[in-house]
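Participant: Here's a sequence, model it:
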Amino acid sequence: MAKGELACDPRGLILEAYRMQLTPEDARTIFLDWALGPEAGEAGAIAELLAHYAARQPDHPMSAVLRAAAAETAPTPGRRGGYRARRR
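Facilitator: Predicted coordinates for the structure are as follows:
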């Protein structure tokens with residue numbers, strides 16, 4: 001049985017984080033633990049967490065971490081260097 005309220009948080013990490021008084025560093029650590037789990041790979045998982053938890057507690061440090069994660073974009077790959085790039 002899942003501990004969390006949402007399918008994207010089955011271990012209840014984010015749920016428990018919102019129940020605690022956290023520092024921003026603690027919130028980032030908990031988010032990283034969640035992000036390394038298989039549930040983080042779901043499309044829209046961060047948006048779902050924001051809609052469910054951050055709406056209730058907008059000033060919580062975990063809300064700030066989730067908002068920052070939602071705003072991040074994947075870096076575009078740069079030029080590949082080395083021998084293969086110079087070879088003609």
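Participant: going forward, measure contacts between C-alpha atoms and count neighbours the same way
Facilitator: Noted.
Participant: Show the end-to-end separation of stretch 41-54, please.
Facilitator: Start-to-end span of stretch 41-54 (CA to CA, to the nearest Å) is 20 Å.
Participant: Return the set of buried residues in that stretch.
Facilitator: Ala45, Ile46, Leu49, Leu50, Tyr53, Ala54 (16 or more other CA atoms under 10 Å).
Participant: any idea which helix or strand carries the second one?
Facilitator: If I follow you right, that is Ile46. Taking DSSP states H and E as the criterion, Ile46 maps to helix 45-49.
Participant: Counting by contacts, list what that helix packs against.
Facilitator: The helices and strands touching helix 45-49, judged by 3 or more CA pairs under 8 Å, 6 or more residues apart in numbering; DSSP states H and E, are helix 61-71.
Participant: Closest one of the buried residues of stretch 41-54 to Ala71?
Facilitator: Ile46 (10.1 Å; CA to CA).
Participant: and that closest one, what pLDDT?
Facilitator: With respect to pLDDT, Ile46 scores 92.
Participant: The one 5 residues further on too?
Facilitator: In this prediction, Ala51 carries a pLDDT score of 94.
Participant: just the one 4 residues further on next, same as before
Facilitator: Confidence at Ala55, expressed as pLDDT, is 89.
Participant: count of neighbours near it?
Facilitator: By the measure other CA atoms under 10 Å, the count of residues near Ala55 is 11.
Participant: what about it, distance to Arg19?
Facilitator: On the measure of CA to CA, Ala55 and Arg19 end up 14 Å apart.
Participant: any idea which element Ile30 lies in?
Facilitator: helix 24-35.
Participant: For burial, what's the neighbour tally of Ala27?
Facilitator: By other CA under 10 Å, the residues close to Ala27 number 23.
Participant: Equivalent analysis for Thr23, please.
Facilitator: Look at Thr23: counted by other CA under 10 Å, it has 12 neighbours.
Participant: Isn't it up against Pro61?
Facilitator: Yes: the pair Thr23 and Pro61 qualifies as a contact (CA atoms under 8 Å) at a distance of 6.6 Å.
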